[in-house]
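K.L.:
Compute the structure for the input listed below.
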Amino acid sequence: MFDYDSDAIAAILGTSLDAVFTIDAQGLIVDTNAAASRMFGWPREAFLGANISLIVPSPLKEQHDGFLRAFRPDRGVKHVLGSGQRLDGQRQDGSRFPVEVGISAFERDGRRYFTGFVRDMSERQSAEDRMRYLALHDAESGLLNYRGFAERFAAAAGSGRRMAVFRIEEFRRFSVAYGERWSIATVQEIAARLVTTLAPHEMAGRVRDDSFALCLGSDAGARVETLAALLRQPYALDTTVVQLTATFGLSSPGDDFASLLRTAQWACDRAGATGRGGINAYTDGLRQAVVRELAIESRLREAVRNNRLMLVLQPKCRLADRRIVGAEALVRWDEPQLGAIPPAEFIPLAERLGLVGEITDWMLQRSLAEIAACPDPTISVAVNFSALDFYHPDFVARLSDALAAAALSPHRLVIELTESAAIHDVSLVNTRLQALRALGVGVSLDDFGTGYTALSYLRQFAVDALKIDIAFVRDLPDSRSAISIARAIVALARGLGLETIAEGVETEAQANALSGLGVDVAQGFLFGRPMPPSEFNRLVGPATASPGAR
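P.N.:
Have a look, this model is predicted:
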């Protein structure tokens, strides 16, 4: 054995877990410890006299002797590779593994030697690799997560790429119904379908619980069609087989990751009910719509808090004598910078922002206060309520409190509920409607004929009126089908003892046709546009005659 200064040092090195090599100035091994043989697989006899490059893989192998020659302490070069360098080592069988190397130099009897301490970093490297994998990948699907997707995108070469984002519409609802096992298995199946279909230059990631992102090339439109068809195939777990709806948003071409993902997400999120399950491309028109929507969102909350919405009332007239018998309460918003914003635009945003309840409460209180001031005590006011309002546990109590605050008889309030909202939970709807009937509040089923109410449900519902949708009024009296539908609704209402109301009446011909069919009440521009409450009260007067009757 090479003569160390101390037998104690030799004993320590002999029991070290790190491999220790001593080499001369020519790179030949003059000594090793037992750990070197365990680590690299060569017996000690094979090491002695061999060049240290024996354990070094290419290309470092060919450069190693040059490093030794460059080591010149007298010229200020004091390190061969430095201390704690992470490199690759090579075992006798040719396999490579990560090692950490520290090299020091010393002289003995006028000759220069180097001692290298080599630590096997395989386990540590494996742990580090695992930690990095978890940091960059979604735990359930194995796909890249947002961070990993962004890093891979930045590292990939290419220009004119497009991003696609797709959302599984039923994912959250089915996850609640079928449980976590179903959701994990489904996510893994989606990932497997994507991975087996993507081209080498494409990549996929899971950026939300129910949303996935794809980086595609110039043929993104055709590729999305292919992937959409693949995702529409049934998903099976045990005896449960479902088909899922994937809604896609496709960005414009570009190279900026954040912009591509954002525009694809916008296109997906703004698909709306008519775009569900389709492929929706980002356009300048969509960009302008999104910018406007964000501007509306930023101002809507302030408008609600500061009472900047307006209440208007539209007259409802009895067709038999054209007398005003009621009003529908409607909300309007005239924003100083954006101008008049229609309810169809800001109400859906209010629902998403959680403001619709505040708007409805404000409308209810204002409507009751205004109708209480009406000179005709028989006039009622109809207020629209969303499904979110109607299903709220305190709904009936809120109505009762509002009526008491306005000192108004319950029969002067009519709740308008859309047909589609009424079928979410038939049992709960019946309970609510019975409570409203006991309270004395009227109920009108709005937009009748456009929803999905089964006739068996309608027979059970404690409602007072059916409101014929404008879609069936617009084509009167020229359309035979419109006349047939309106006649059928009137006959159905009569059979159930319900009143009929037609909305969107604009001409005398429409009014006469509806009157001939037996419709009871109508509203529309023919009888009056939505107007401020003070103007409505002046219009009503003591006689409650409509302008058409005067």
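
K.L.:
Poorly predicted segments of the stretch 251-400 of the chain, please.
P.N.:
Under the criterion of pLDDT under 70, the regions of the stretch 251-400 of the chain flagged as low confidence span 272-274.

K.L.:
Run through the helices of it in chain order.
P.N.:
257-269, 284-305, 343-353, 356-372, 387-390, 395-406 (DSSP state H, counting those that start in this stretch).

K.L.:
Val505 in helix, strand or coil?
P.N.:
At Val505 the chain is in coil, as set by DSSP: H, G, I helix; E, B strand; the rest coil.

K.L.:
my guess is it contacts Val473, does it?
P.N.:
Yes: in this structure, Val505 is within contact of Val473 by CB atoms under 8 Å, at 6.1 Å. Placement of C-beta: from N, CA and C, glycine included.

K.L.:
Now the common contact residues for the two.
P.N.:
Taking CB atoms under 8 Å, 6 or more residues apart in numbering as the criterion, Val505 and Val473 both touch 514, 524.

K.L.:
which stretches of this structure have low pLDDT?
P.N.:
For the chain, the stretches with pLDDT under 70 are 1-15, 61-84, 157-158, 272-274, 419-425, 449-457, 542-550.

K.L.:
Where does the record place the domain boundaries for it?
P.N.:
When the chain is parsed with automatic domain parsing, its domains come out as 7-124, 137-282, 307-542.

K.L.:
Take the ones you listed and write them to CSV, including mean neighbour count and distance to Ile296.
P.N.:
As requested, those are exported to CSV (neighbours: other CB atoms under 10 Å; distance: least, CB to CB, whole Å):
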stretch, mean neighbour count, distance to Ile296
domain 7-124, 15, 54
domain 137-282, 17, 13
domain 307-542, 18, 6
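
K.L.:
JSON lines for these, including distance to Val291?
P.N.:
As requested, the domains of the chain are exported to JSON lines (distance: least, CB to CB, whole Å):
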{"stretch": "domain 7-124", "distance to Val291": "49"}
{"stretch": "domain 137-282", "distance to Val291": "10"}
{"stretch": "domain 307-542", "distance to Val291": "11"}
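
K.L.:
Tell me the secondary structure at Gln188.
P.N.:
Note that with three-state DSSP, the state of Gln188 is helix.

K.L.:
mind checking how far it is from Glu140?
P.N.:
Here the criterion is CB to CB, to the nearest Å. By it, Gln188 lies 7 Å from Glu140.

K.L.:
Could you pull out the helices in the stretch 51-200 of the chain for me?
P.N.:
Remark: helices of the stretch 51-200 of the chain, listed N- to C-terminal, are 60-70, 122-136, 146-155, 171-178, 180-197; assignment by DSSP H, counting those that start in this stretch.

K.L.:
Indicate which one of those helices is closest to Leu17.
P.N.:
Distance to Leu17, taken as CB to CB, is lowest for helix 122-136 among those, at 11.8 Å.

K.L.:
for the domains of the chain, which one sits closest to Val290?
P.N.:
Val290 lies closest, by CB to CB, to one member of the domains of the chain: domain 137-282, at 5.3 Å.

K.L.:
quick one: terminal-to-terminal distance for the closest one?
P.N.:
In terms of CA to CA, to the nearest Å, the two terminal residues of domain 137-282 are separated by 27 Å.

K.L.:
distance between it and the chain's centre?
P.N.:
Mean C-alpha position of domain 137-282 versus that of the full chain (CA atoms, centre = their mean, to the nearest Å) differs by 12 Å.

K.L.:
Can I get the strand or helix carrying Gly495 in PDB, CA atoms only?
P.N.:
In this assignment (DSSP states H and E), Gly495 forms part of helix 480-496. Only the C-alpha atoms of helix 480-496 are listed here, as PDB (Å, rounded to 0.1, in the frame of the first residue of the first chain):
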ATOM      1  CA  ARG A 480     -99.700  29.000 -38.800                       C
ATOM      2  CA  SER A 481     -97.200  27.200 -36.500                       C
ATOM      3  CA  ALA A 482     -97.000  30.200 -34.200                       C
ATOM      4  CA  ILE A 483    -100.800  30.400 -34.000                       C
ATOM      5  CA  SER A 484    -101.000  26.600 -33.300                       C
ATOM      6  CA  ILE A 485     -98.500  26.800 -30.500                       C
ATOM      7  CA  ALA A 486    -100.200  29.800 -28.900                       C
ATOM      8  CA  ARG A 487    -103.600  28.200 -29.200                       C
ATOM      9  CA  ALA A 488    -102.200  25.000 -27.500                       C
ATOM     10  CA  ILE A 489    -100.700  27.000 -24.600                       C
ATOM     11  CA  VAL A 490    -104.000  28.900 -24.100                       C
ATOM     12  CA  ALA A 491    -105.900  25.600 -24.100                       C
ATOM     13  CA  LEU A 492    -103.500  24.000 -21.700                       C
ATOM     14  CA  ALA A 493    -103.700  27.000 -19.300                       C
ATOM     15  CA  ARG A 494    -107.500  27.000 -19.400                       C
ATOM     16  CA  GLY A 495    -107.600  23.300 -18.600                       C
ATOM     17  CA  LEU A 496    -105.400  23.900 -15.600                       C
END
